[in-house]
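Student: Whatever this is, show me its structure:
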Amino acid sequence: KRFSGLLFNGPREWLFNDINKWYYGDSTSSSSSPNTETLFILEGDKGTGKSVVTAELSRRSVIGSGNNNSIKSIPVIAQHYFKNDDLRTIDSKSSIQSISLQLSLIDGFELDNDKTNDDINKMKEKELFKYYISDPLMKCGNKCPNGMIIFDAIDECNQNKELSNAIIDNLKYIPKQIKI
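Tutor: So this is what the prediction gives:
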């Protein structure tokens with residue numbers, strides 16, 4: 001909500017077109033199948049509007065594509081926005097748990113209850129991501145809806161390399177209809 005009002009129709013529509021091509025597949029290519037790449041990384045200098053773009057993706061997920069009927073809205077099923085001056089948002093492990101809590105609304109998304117709090121507290125990001133996100137999504141399989149998970153401003157996370165590596169290392173376990 002903090003950023004969604006900052007993007008007016010038009011200025012970054014080319015970027016939304018590129019994101020849609022990645023998510024849905026390129027309708028101009030001869031292949032009719034959607035893109036199988038799971039990860040989209042949006043890079044840019046500080047202050048260039050990356051968070052505004054992800055906030056707009058979330059907004060469009062709820063209300064539709066706005067005035068541009070050629071761009072489909074992408075369902076955002078979970079999101080976490082890091083902000084380096086907000087202690088509640090910068091912890092990598094908390095972000096994984098936050099995403100998992102949002103994904104728990106998916107029918108069939110369940111954690112294994114074989115871990116104690118001590119076990120969980122000792123886990124590194126890669127293990128936590130697998131426990132809280134990858135494994136439950138794998139169990140959902142085809143029951144998982146199509147959707148996107150947004151991690152915004154990972155560079156502002158307290159353990160950004162560990163979280164980035166956890167995401168990359170777990171991509172092979174994420175159902176193909178889920179994009180990050």
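Student: which residue ranges form the helices in the protein?
Tutor: Assigned by DSSP state H, the chain shows helices spanning 13-24, 50-63, 92-103, 117-122, 125-129, 135-140, 160-170.
Student: Next, format these as JSON lines and append mean pLDDT.
Tutor: Converted to JSON lines, the helices of the chain look like this (pLDDT from 0 to 100):
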{"stretch": "helix 13-24", "mean pLDDT": "87"}
{"stretch": "helix 50-63", "mean pLDDT": "85"}
{"stretch": "helix 92-103", "mean pLDDT": "95"}
{"stretch": "helix 117-122", "mean pLDDT": "92"}
{"stretch": "helix 125-129", "mean pLDDT": "96"}
{"stretch": "helix 135-140", "mean pLDDT": "93"}
{"stretch": "helix 160-170", "mean pLDDT": "95"}
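Student: Looking at the ones you listed, which is nearest to I150?
Tutor: I150 sits nearest to helix 50-63 of all the helices of the chain, at 5.1 Å, using CB to CB. Every residue, glycine included, has its C-beta placed from N, CA and C.
Student: Would you mark the buried spots in that closest one?
Tutor: Of all the residues in helix 50-63, those buried under the rule 16 or more other CB atoms under 10 Å are 50-61.
Student: next one: stretch 143-157
Tutor: Applying 16+ other CB under 10 Å to stretch 143-157 flags 144, 147-154, 156-157 as buried.
Student: Tell me which two in those residues are the farthest apart.
Tutor: Counting by CB to CB, the most remote pair of those is C144 and E156, 28.3 Å apart.
Student: would you turn the helices of the chain into CSV with distance to E110?
Tutor: Output for these, formatted as CSV (distance: least, CB to CB, whole Å):
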stretch, distance to E110
helix 13-24, 26
helix 50-63, 24
helix 92-103, 10
helix 117-122, 16
helix 125-129, 16
helix 135-140, 6
helix 160-170, 17
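Student: Deepest in the core, which of those helices is it.
Tutor: helix 125-129 (a mean of 22; mean count of other CB atoms under 10 Å).
Student: Can I get that one in PDB? Just the C-alpha atoms.
Tutor: This file holds the C-alpha atoms of helix 125-129, laid out as PDB (Å, rounded to 0.1, in the frame of the first residue of the first chain):
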ATOM      1  CA  GLU A 125      17.800 -20.200   5.600                       C
ATOM      2  CA  LYS A 126      18.100 -23.000   3.000                       C
ATOM      3  CA  GLU A 127      16.700 -25.600   5.400                       C
ATOM      4  CA  LEU A 128      13.900 -23.200   6.600                       C
ATOM      5  CA  PHE A 129      12.900 -22.400   3.000                       C
END
